[in-house]
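Chemist: let me see the structure of the following:
(chains A and B)
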Amino acid sequence: MKRILCHPLMELAFRWLLGLTFVYSSLHKIADPAQFAKIVFGYALFPPAAINLIAITVPFVELTAGAALLLGIWPRPAALIVEALLLLFVAILSINLIRGVEFDCGCFAFGGAGHISAIPQFLARDLLYFLAGLQVLLFSGRRRWCLTPLKGRNLSAAEAG
Amino acid sequence: MRLKTDLTRAGALLAAAVLAGLAFNAVSPAGIPPFGQWDTDQGVVNAGGQAGVVDVGREIRTVSQARALFDAGAAVFVDARPEDAYAEGHIPGAVSLPVNDFDEKIPTFWERYPLEGEIVTYCSGRTCEDGHRLARLLEEVGYERVRVFIDGYPGWAEAGHPTPTAGKTDAEAAVR
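Modeler: Got it, this is the predicted structure:
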């Protein structure tokens, strides 16, 4: 089990899964920030002055971290950001599940996902992503398909590939 | 040491992302201002910006004003919410024209209600923009006197005004 989990291909699979997920989920928010701002308002957790700024910047944090994971640019720092975002999402979902606030998570698409019954599924999904992120973060072997050198300073991109 | 480097790099990635977001938002046609209107006491909540639909100039901002228009009987009230919400209760005599089914339903509406008539749209109150969206769409097809009752159905119901449900009093008014 440990051998499978620590295999470089496993790292690559998890990293690409997280990278693709975060890039994909950022795009509809970037295309319609006003709609995403409305969803952030619906979370009922953030001060009014922060809502537009969150809607403008957070999707780009998702996009940047996701793209960095995909391309293998600073994968560990990118995984740190992704893990922090996932913890934030889990916190937001949990608080609103406990409070019973009905809201649209806006995770992958707008609308339709506003039902409280879907929140446990979202929570479970985010926790699985979090575990995949931990593997990427803690992986100590040589990473495949990375643009930045990872183990040892002299490892060039070509060697790493 | 490695953690310190990682954190520094994560900070650099974050800074780059935030700058990219601000820059993209500044040039994007869908861009929004840094601060929106998120106080329901002030009106319909919205992010603002060029692409926004909220037009304060056409708003009816109190329930009593809406009631006065209703009593005068000259205006057609149009419900922008989905059909099932309309069926659960609506302003008496209101016509159901869900904003998401606009293209499908507007021909029938257009035949029944003259372009110069007074129209009042509404949705679920100050956290929804659908009343404004519908007002804009109605103007685009030629309606000249469209206003938006921003407290919508919840405001009307809370004030204790009558709220028929579909199938009882005025289901025939819904555009099919």
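Chemist: where does pLDDT dip in the chain?
Modeler: No chain was given, so I picked chain A. Flagging of chain A using pLDDT under 70 yields the residue ranges A:102-117, A:149-161.
Chemist: look at chain B instead
Modeler: For chain B, the ranges with pLDDT under 70 are B:167-176.
Chemist: 80 - rerun?
Modeler: B:1, B:166-176 (pLDDT under 80).
Chemist: by residue count, tell me the biggest helix in it.
Modeler: Ordering each helix of chain B by length in residues (DSSP state H) puts helix B:2-27 first.
Chemist: output the contacting helices and strands for the helix or strand just after that helix.
Modeler: Using DSSP states H and E, the helix or strand that follows helix B:2-27 in sequence is strand B:59-60. The contact analysis (3 or more CB pairs under 8 Å, 6 or more residues apart in numbering or on different chains; DSSP states H and E) places strand B:59-60 against strand B:145-149. The way it works is simple: take the backbone N, C-alpha and C, and place the C-beta from them, glycine included.
Chemist: how does it look with 10 Å?
Modeler: helix B:63-72, strand B:118-122, helix B:130-140, strand B:145-149 (3 or more CB pairs under 10 Å, 6 or more residues apart in numbering or on different chains; DSSP states H and E).
Chemist: name the surrounding residues that touch the first one.
Modeler: The contact list for helix B:63-72, computed with CB atoms under 10 Å, 6 or more residues apart in numbering or on different chains, reads B:59-60, B:62, B:75, B:77, B:91-94, B:118, B:120, B:122, B:147, B:149-152, B:155-162.
Chemist: now the helices for chain A?
Modeler: A:2-5, A:8-31, A:33-42, A:48-71, A:75-99, A:119-138, A:157-160.
Chemist: is there proximity between stretch A:42-49 and chain B?
Modeler: Yes. Stretch A:42-49 is in contact with chain B by CB under 10 Å from any CB of the partner chain, via A:G42, A:F46, A:P47, A:P48, A:A49.
Chemist: pull the contacting residues for the most centrally placed residue in chain A.
Modeler: Closest residue to the average C-alpha location of chain A: A:V82 at 4.2 Å, with CA atoms, centre = their mean. Under the criterion of CB under 10 Å, 6+ apart, the neighbours of A:V82 are A:15, A:18-19, A:21-22, A:61-62, A:65-66, A:68-69, A:129-130, A:132-133, A:136-137, B:10.
Chemist: how close does A:R142 sit to chain B?
Modeler: 16 Å (CB to the nearest CB, to the nearest Å).
Chemist: quick check: phi and psi at that residue.
Modeler: Here is the backbone geometry of A:R142 (degrees, to the nearest 10): phi -90, psi 130.
Chemist: can you check B:G31 too?
Modeler: Torsion angles, degrees, to the nearest 10, at B:G31: phi -60, psi 150.
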